[in-house]
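> quick one, structure for this:
(one chain, ligands or ions: 1)
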Amino acid sequence: MRIAIAADHNGVTLKVRLTAWLTGLGHTVDDRGGYADGAVTDYPPLCADVCLQVVHGAADRGIVLGGSGLGETVACNKIRGIRAGLCHDVWSAGISRGNNDANVLVLAAKVLTPEAAELIAATWLETAFKGGVHQRRLDQIARLERGEAALD
Ligand SMILES: O=P(O)(O)OC[C@H]1O[C@@H](O)[C@H](O)[C@@H]1O
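So this is what the prediction gives:
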């Protein structure tokens with residue numbers, strides 16, 4: 001898969017490790033920043049960059065790393081067409097893909113060990129969307145995204 005990846009200052013170290021690991025698995029990883037230069041970086045522009053790569057088809061999936069991952073999840077889900085999931089474990093990674101057809105994975109660098117992050121990413125990349133009732137709910141979410149706030 002073509003994966004766009006980014007991290008703020010909290011996630012740079014984990015991003016470097018994850019990028020090497022994903023590349024070793026055969027994925028093409030596009031590192032959108034930030035970098036290990038000691039800079040404190042704002043995560044919203046990094047999130048927007050990764051998400052736009054996905055929305056415009058330059059990447060199949062996105063991965064964003066932050067401290068808690070909370071702000072990144074909020075930011076990513078502001079981009080039309082993005083379904084970003086903050087996953088702390090393999091179970092939530094399976095739900096994020098299987099139920100939500102997430103196209104961006106958010107990881108919390110301050111919480112996860114590198115090994116856990118790899119396991120979560122692997123599960124998230126490998127799990128297929130289940131469709132069915134979940135597609136109906138994604139269609140409802142898409143209506144929310146279009147501003148149709150009062151759903152039947
Ligand atoms: O490290 P500071 O700048 O305090 O906070 C940034 C973090 O706040 C959280 O929403 C994000 O996960 C981001 O990594």
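> is it true that Thr13 touches Ala36?
Yes - shown here, Thr13 and Ala36 form a contact pair, counting by Cβ atoms under 8 Å, at 7.0 Å. In this view, the C-beta of every residue, glycine as well, is placed from N, C-alpha and C.
> these two: who's more crowded?
Neighbour totals were compared for Thr13 and Ala36, and Thr13 leads with 14 against 11 (other Cβ atoms under 10 Å).
> next one: the one helix or strand Gln140 maps to to chain centre, how far?
Under the criterion of DSSP states H and E, Gln140 resides in helix 133-145. Relative to its parent chain, helix 133-145 has a centroid offset of 19 Å by Cα atoms, centre = their mean, to the nearest Å.
> and stretch 67-79, end to end?
The first and final residues of stretch 67-79 sit 20 Å from each other (Cα to Cα, to the nearest Å).
> from the rest of the structure, what touches that stretch?
By Cβ atoms under 8 Å, 6 or more residues apart in numbering, the surrounding residues in contact with stretch 67-79 are 8, 10-11, 43-44, 47-48, 50-52, 55, 62, 64-66, 82-86, 104, 106-111.
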